[in-house]
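Participant: Sequence first, predicted model second:
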Amino acid sequence: MNMPVIVTGTSYSSNSPIASWMDRRERLNYVNVYAYTAPDEFVPFRPFILRLAINKSAGKVATFRKGQVCRGLNLMWDFELTVLPKEILDFLPWIVNLVEAHDKGSSLLLQSPPHSFELEVPEVGFFNNAWTQKARLLANSTIS
């Protein structure tokens, strides 16, 4: 990204690291990738599906450099993308583009995603939860 990114510690949802950065308005933002579902001892055939979350549950993260100006956490924007492990690397440049387009306030700068996805329509709020078609199909095929 065209701004300094710090990778530190663990997130609110797992022991995976988080990447954080300050936006142009001096608000702290962060991204975390964690297992949405994964096989385990009790459900060995559960699919491995990942979730990439930007600013989800803001308030649980406080990572910024000493002396850095911070006007608090970015509580105005969050986004989740649920993907298969083989899709995640394809999405990384798109996620960087999404963050930069959002920071500049222009959806016109947003590139086409590398894999088709569906946005979930919330009852209240914005479209901020997306699933790739393959992740949705796999998740739905294992629900019984």
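Facilitator: Sure thing, it's come through.
Participant: In the protein, which strand is the longest?
Facilitator: Using DSSP state E, we find that the single longest strand of the chain is strand 28-37.
Participant: And the next helix or strand past the helix or strand bottoming out on mean pLDDT in the chain?
Facilitator: In the chain, the helix or strand scored least confidently by mean pLDDT, DSSP states H and E is strand 6-8, which has a mean of 82. As assigned by DSSP states H and E, the chain's next helix or strand after strand 6-8 is strand 18-22.
Participant: Let me know how buried Asn129 is, in neighbour terms.
Facilitator: By the other C-beta atoms under 10 Å criterion, the neighbourhood of Asn129 contains 19 residues. C-beta: built from backbone N, CA, C; applies to glycine.
Participant: Just give the number of residues close to the nearest residue to it once chain neighbours are set aside.
Facilitator: Counting by C-beta to C-beta, 6 or more residues apart in numbering, Glu120 is the residue found nearest to Asn129 once chain neighbours are left out, at 4.4 Å. Around Glu120 there are 12 other residues, counting by other C-beta under 10 Å.
Participant: what do you get for His115?
Facilitator: Residues lying near His115 (other C-beta under 10 Å) number 17.
Participant: Now do it against Leu137, distance only.
Facilitator: 12 Å (C-beta to C-beta, to the nearest Å).
Participant: Please look at Glu118 and Lys134 and confirm they touch.
Facilitator: No: counting by C-beta atoms under 8 Å, Glu118 stays clear of Lys134, with 10.9 Å between them.
Participant: The residue positioned nearest the centre of the chain pairs with what?
Facilitator: By C-alpha atoms, centre = their mean, the chain has its centre lying nearest to Ala53, at 2.3 Å. Beta bridges link Ala53 to Asn32, Glu80, judged by DSSP bridges.
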